[in-house]
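**Q** A structural model of the following input is requested.
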Amino acid sequence: LPLSEGGIRSPVEALLKFTRFAPCFLPGIVAYKLWRQPRRLPGFIWPVFLAFCCIVFVRFSGSQPIETGWFICFAIGVGVCFFQELPENVLTRLTQRIARYSYGIYLLHYFAIWIGFVIFKRWSIGIQAVIFMATIITLPVILYHSVEAPLIAAGVRVAEKLKANVFLARVTGD
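**A** Model (predicted):
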């Protein structure tokens, strides 16, 4: 977006452009707070709900896709709390795997698009798509196992140590 809007000329401008996306992340906070509420809708309707949200976004985004995205993200963030979880099956295991690597996918999708469709723009669209898919699948998996998972494990160890220290301080009266 910043490149499509003429770039970023100052840190203040960067912050202002970033704040346009903040409402897209707030529904996650709402979902976190509502997560333990009773779920009344059957889980198999969830994909239908997501498809409906996509259709609404495409139909109404027009010249304001970011602002329309705020409402769609809010609907998804709140909506997820009303659907029961699906029983474990092939689809749920596949989506769990995708979720594990989703942060890497999020961080690398522009890079994968650039590799597949810009660097190889003279190649056939089929080859471009294969290169894009190989990049968007392979790099997040590599980065998850080499960077993200070890750092998560280190964070857990630090948190456990801090928790133990707080417990000891309470027990000993320090």
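**Q** Quick one: the helices in the chain, in order.
**A** Secondary structure of the chain by DSSP state H: the helices cover 11-19, 22-34, 46-60, 65-79, 90-100, 102-113, 125-143, 149-172.
**Q** among these, which is nearest residue 119?
**A** helix 125-143 (8.1 Å; CB to CB). Using the backbone N, CA and C atoms, a C-beta is placed for each residue, glycine as well.
**Q** contacts for that closest one?
**A** 101-105, 107-109, 111-113, 115-117, 120-121, 123 (CB atoms under 8 Å, 6 or more residues apart in numbering).
**Q** list the contacts for the nearest residue to residue 92 once chain neighbours are set aside?
**A** Spatially, and ignoring its direct neighbours in sequence, residue 92 is nearest to residue 86 (5.3 Å; CB to CB, 6 or more residues apart in numbering). By CB under 8 Å, 6+ apart, residue 86 lies in contact with 43-44, 46, 92.
**Q** could you dump the helix or strand of the chain with the lowest mean pLDDT to PDB, C-alpha only?
**A** Within the chain, no helix or strand scores below helix 11-19, which has a mean of 74 by mean pLDDT, DSSP states H and E. These are the backbone C-alpha positions of helix 11-19, laid out as PDB (Å, rounded to 0.1, in the frame of the first residue of the first chain):
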ATOM      1  CA  PRO A  11       8.200   8.400  10.100                       C
ATOM      2  CA  VAL A  12       4.900  10.300  10.900                       C
ATOM      3  CA  GLU A  13       3.500   9.400   7.500                       C
ATOM      4  CA  ALA A  14       4.500   5.800   8.000                       C
ATOM      5  CA  LEU A  15       2.700   5.700  11.400                       C
ATOM      6  CA  LEU A  16      -0.400   7.300   9.900                       C
ATOM      7  CA  LYS A  17      -0.500   4.800   7.100                       C
ATOM      8  CA  PHE A  18       0.000   2.000   9.600                       C
ATOM      9  CA  THR A  19      -2.900   3.100  11.800                       C
END
